[in-house]
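Participant: Okay, here's the prediction I keep looking at, along with the sequence it came from:
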Amino acid sequence: MEILILEENKFDDKAAEIALTQIKNKPNSTIGFATGNTTVGFHKRLAEKLLDEKVDISTFSTFNLDEYVGVSSQNQSSCYYRMEEQFFKPLKLRKDQINFLNDLSEHEDLQQRCIQFDKKIEECGGIDIQFLGIGLNGHIGFNEPGTAFETNTHVVDIDLNTRESKISVFGSLDNVPKQGVTMGIKSIMMAQKIVLLAKGESKAEIIFKSLTGPATKDIPASVLQLHPNLVVILDKAAAQKINQ
Ligand code: GLP
């Protein structure tokens, strides 16, 4: 595992640089993205760099980690909408380059959507780099504590703790969906490379537990220690505890 502790102004740039190098070296790369506050700057920076450097983006594909059930792509709180604003739209990506579990309805066969998603990852030759954020309880994607390490993409009941942390996105707790769909821990761990991003003091404790404690399903992110090619990018605040 490689841990990079960076100044706030270098954080997004470093993450963008890693993805940029990958796409330049292999234009048909498959990159996995995660929405959340942590990755906004990274997505925008990467889009800027790809455009500024006129990189061939015609053959790369994106996969996104997760989405809420019952929230349409047009809803500003959906993961899709945020990703579209930050990344897809500026780059004018074609629909067939974007793989997303979006517009999920309670009334459809969600399990089938999950199976198709994992199949699509396989057809694309696997994910080259998966970027991840981390939840306060150690979740990655929507893989909440207790999720088995062997899970494929699946439907989840979102923890109350996680729903509370999304009040700023949805306006009130009642508006935060109770279900989501997420790439599973197994699907994530199959990526060639994983880049975990964390910013801010609130993440210091869980980063410390995830990276220095035992790999346990009580802290989903702790599984990442077992990945052979993990890069962790932290700002100084998130690195506080591992630094001590
Ligand atoms: C959510 C998402 C994750 C994301 C995490 C961190 O619950 N399902 O994919 O990585 O929260 O979000 P933030 O960066 O806003 O702290």
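Facilitator: Looks like it came in fine.
Participant: Residue numbers of the chain in contact with the ligand?
Facilitator: By Cβ under 6 Å from any ligand atom, the residues of the chain that approach the ligand are 34, 36, 37, 38, 65, 66, 133, 135, 141, 142, 162. Yep, even glycine has a C-beta here, placed from its N, CA and C like the rest.
Participant: From what I see, the fifth one and residue 127 are in contact.
Facilitator: Pointing back at residue 65 there. No. Look at residue 65 against residue 127 with Cβ atoms under 8 Å: they stay out of range, at 10.2 Å.
Participant: Overlap of the contact sets of these two?
Facilitator: Common contact partners of residue 65 and residue 127 (Cβ atoms under 8 Å, 6 or more residues apart in numbering): residue 32.
Participant: who has more neighbours, these two?
Facilitator: Counted by other Cβ atoms under 10 Å, residue 65 and residue 127 do not tie: residue 65 has more neighbours, with 27 against 24.
Participant: wait, what's in contact with that one?
Facilitator: 32-35, 79, 130, 132, 140-142, 182-183, 188.
Participant: what ranges do the helices span in this structure?
Facilitator: 8-25, 40-52, 79-83, 89-91, 110-123, 160-165, 167-170, 185-189, 204-212, 236-243 (DSSP state H).
Participant: ok so, going back, columns pLDDT on top of the contacts of residue 65, output as JSON lines?
Facilitator: Shown next, in JSON lines, are the contacts of residue 65 (pLDDT from 0 to 100):
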{"residue": "32", "pLDDT": "98"}
{"residue": "33", "pLDDT": "98"}
{"residue": "34", "pLDDT": "98"}
{"residue": "35", "pLDDT": "96"}
{"residue": "79", "pLDDT": "97"}
{"residue": "130", "pLDDT": "98"}
{"residue": "132", "pLDDT": "98"}
{"residue": "140", "pLDDT": "97"}
{"residue": "141", "pLDDT": "96"}
{"residue": "142", "pLDDT": "95"}
{"residue": "182", "pLDDT": "97"}
{"residue": "183", "pLDDT": "97"}
{"residue": "188", "pLDDT": "96"}
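Participant: Residue 198 is in contact with residue 134, correct?
Facilitator: Yes. Contact between residue 134 and residue 198 holds when scored by Cβ under 8 Å: they sit 5.2 Å apart.
Participant: which residues are common contacts for those two?
Facilitator: residue 207.
Participant: and the closest residue to residue 5 other than its chain neighbours, what does it touch?
Facilitator: What sits nearest to residue 5 in space, not counting adjacent residues and going by Cβ to Cβ, 6 or more residues apart in numbering, is residue 239, at 4.4 Å. Under the criterion of Cβ under 8 Å, 6+ apart, the neighbours of residue 239 are 3, 5, 204, 207.
Participant: Sounds good, over and out.
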